[in-house]
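In: show me the folded form of this:
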Amino acid sequence: MITTLLTLGLLSGAPAAPVELYPSTSSELVCSTYQASDEMPDQDAYLLETGGTVEVCQREVSPGAGTFAYIWPSGRIQARAVWGTSYATSQEIVDLLYVGRAKAAGNIYQNERIVRVCIWYTRDGVAITDKVCSNASSDSGVWLPGPEVSVSAWDILVWDAPKTIFNMKVGRANPNVF
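Out: All right, here's what the predicted structure looks like:
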């Protein structure tokens, strides 16, 4: 397993780092990336053959964080393509309520197909929401986007409490696999 830590904005040109839309705070997205393999099975490596890429990212949220979104837009248009754009967002609804949304569109971003996007919130290393996942599918012989999924989390009013973290896990595959 090859693990690389990168901070979005410090390393440019990373193969498939998402594009940040609506930056609202100085918090940064921190990711680790690894290759799917037979030796390291991953329950979230949906539709990934050996060599597919799994990326796990985290970003701190806090009251006043507003909305931030990470998108993986398609870089090219192809005939019969029905994908849209894959994304993961966290929106502050009220000072203490965050709603995360995600969608795996099956689109190709920087030569890899986005086939799964999972999101969840944690605090002090413990999940405070379920992990929800959107899965693109190719059952019909054409890649179709998965449904949008969402999850919500309440923050707490203790000034020195552990921070709430927005997590996302993205599965990317060879664009020629169906």
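In: can we go C-alpha only for contacts and neighbour counts from here?
Out: Will do.
In: beta partners for Arg116?
Out: Asn135, Gly171 (DSSP bridges).
In: so how far is Thr89 from it?
Out: Computed as C-alpha to C-alpha, to the nearest Å, the Arg116 to Thr89 distance reads 15 Å.
In: would you map the strands across the chain?
Out: 4-7, 19-21, 30-35, 53-61, 67-72, 86-94, 97-103, 108-109, 112-123, 126-127, 132-135, 149-154, 164-173 (DSSP state E).
In: tell me the confidence at Asp160?
Out: For Asp160, the model assigns a pLDDT of 89.
In: follow-up on the earlier one: neighbour count: Arg116 and Thr89, which is higher?
Out: Arg116 (29 against 22; other C-alpha atoms under 10 Å).
In: that one touches Ala173, doesn't it?
Out: No - with contact defined as C-alpha atoms under 8 Å, Arg116 does not reach Ala173; the gap is 9.5 Å.
In: Asp160: how many residues sit nearby?
Out: Counted with other C-alpha under 10 Å, Asp160 comes out at 7.
In: same thing with Ala105?
Out: Applying other C-alpha under 10 Å, we find 30 residues neighbouring Ala105.
In: so what's it up against?
Out: Trp83, Gly84, Thr85, Ser86, Ile114, Val115, Asn135, Ala136, Leu144, Pro145, Gly146 (C-alpha atoms under 8 Å, 6 or more residues apart in numbering).
In: find the nearest non-adjacent residue to it, please.
Out: Pro145 (3.8 Å; C-alpha to C-alpha, 6 or more residues apart in numbering).
In: quick one on the thing from earlier: can you lay out the strands of the chain as a markdown table showing mean pLDDT?
Out: Formatted as a markdown table, the strands of the chain follow (pLDDT from 0 to 100):
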| stretch | mean pLDDT |
| --- | --- |
| strand 4-7 | 25 |
| strand 19-21 | 55 |
| strand 30-35 | 80 |
| strand 53-61 | 89 |
| strand 67-72 | 84 |
| strand 86-94 | 91 |
| strand 97-103 | 95 |
| strand 108-109 | 86 |
| strand 112-123 | 93 |
| strand 126-127 | 96 |
| strand 132-135 | 95 |
| strand 149-154 | 97 |
| strand 164-173 | 92 |
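In: how far away is Gly146 from Trp154?
Out: Distance from Gly146 to Trp154, by C-alpha to C-alpha: 26 Å.
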